[in-house]
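Colleague: build me a model:
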Amino acid sequence: MGHSITALIVPGSVDADAAIRWDLVPIPLHHGLSLLHLTHYYTMYWQAALGITEHIEPSPEVPILFPTEGVVRVIAADLSARPDPSFAVVYTDYHAGVGDQWAATCTAGGTIRSASDINAALRMLGITGAPGLDEFDTVGLGAHRSTPEYLDRYIGLCDEMGL
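Modeller: So this is what the prediction gives:
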């Protein structure tokens, strides 16, 4: 079974009204984290709709569908009700045990930086792997294997905006 997600992970619970405003569904993870599925098309749409120009500086190997739009900072701030949010953006694309993963993190509203992998990003959010598990499995990311289909509508919205 494959594992292919793109998501925003924030510490703590998420403001329910903010989740509705951003058309996101918060999913609680272990150790007090919240996962919110998103896609490159979702962030590209909101980036353009809000006129935001900041981008995450990706490493050269980052997949084209990894969200590099700086709007993720605005979304994370609103969801966490903090002007200086900490968060991670994670991406997996594994099928039959072969594939890639990428992550970017922001701590206390600082610069959004590429992380070496999702486990490193989770460590930056304060997660330590449980005995015999890495951070990915400790927070329960393995249970979330695909991005919800409702986000597919952002592909059409981007087309309508000429993006």
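
Colleague: what's the burial count for the nearest residue to T68 once chain neighbours are set aside?
Modeller: By the measure of C-beta to C-beta, 6 or more residues apart in numbering, the closest residue to T68 outside its immediate chain neighbours is I56, 4.4 Å from it. The way it works is simple: take the backbone N, C-alpha and C, and place the C-beta from them, glycine included. Using other C-beta atoms under 10 Å, I56 is surrounded by 21 other residues.

Colleague: same deal with A76?
Modeller: So A76, with other C-beta under 10 Å, has 27 neighbours.

Colleague: how about H3?
Modeller: 17.

Colleague: now it, what are its backbone angles?
Modeller: Dihedral pair for H3: phi -140, psi 110, per degrees, to the nearest 10.

Colleague: which residues does it form beta bridges with?
Modeller: Beta-bridge partners for H3, by DSSP bridges, are Y94.

Colleague: residues touching it, list them.
Modeller: By C-beta atoms under 8 Å, 6 or more residues apart in numbering, the residues touching H3 are T92, D93, Y94, G99, G142, R145, S146.

Colleague: now, of those, which are buried?
Modeller: Using 16 or more other C-beta atoms under 10 Å as the burial test, these include T92, D93 as buried.

Colleague: pick the one among the contacts of H3 closest to T107.
Modeller: T92 (21.6 Å; C-beta to C-beta).

Colleague: following whichever strand or helix holds the closest one, which helix or strand shows up next?
Modeller: Applying DSSP states H and E as the criterion places T92 in strand 87-95. Going down the chain from strand 87-95, the next helix or strand is strand 98-106, by DSSP H and E.

Colleague: extract the C-alpha set from that following strand and format it as PDB.
Modeller: In PDB, the C-alpha atoms belonging to strand 98-106 read as follows (Å, rounded to 0.1, in the frame of the first residue of the first chain):
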ATOM      1  CA  VAL A  98      10.100   3.000  -2.800                       C
ATOM      2  CA  GLY A  99       9.800   6.700  -3.000                       C
ATOM      3  CA  ASP A 100      10.700  10.100  -1.500                       C
ATOM      4  CA  GLN A 101       9.800  12.400   1.300                       C
ATOM      5  CA  TRP A 102      10.400  16.100   1.900                       C
ATOM      6  CA  ALA A 103       9.800  18.500   4.700                       C
ATOM      7  CA  ALA A 104      10.100  22.200   5.600                       C
ATOM      8  CA  THR A 105       9.900  23.600   9.100                       C
ATOM      9  CA  CYS A 106       9.300  26.900  10.800                       C
END
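
Colleague: great, nothing more from me.
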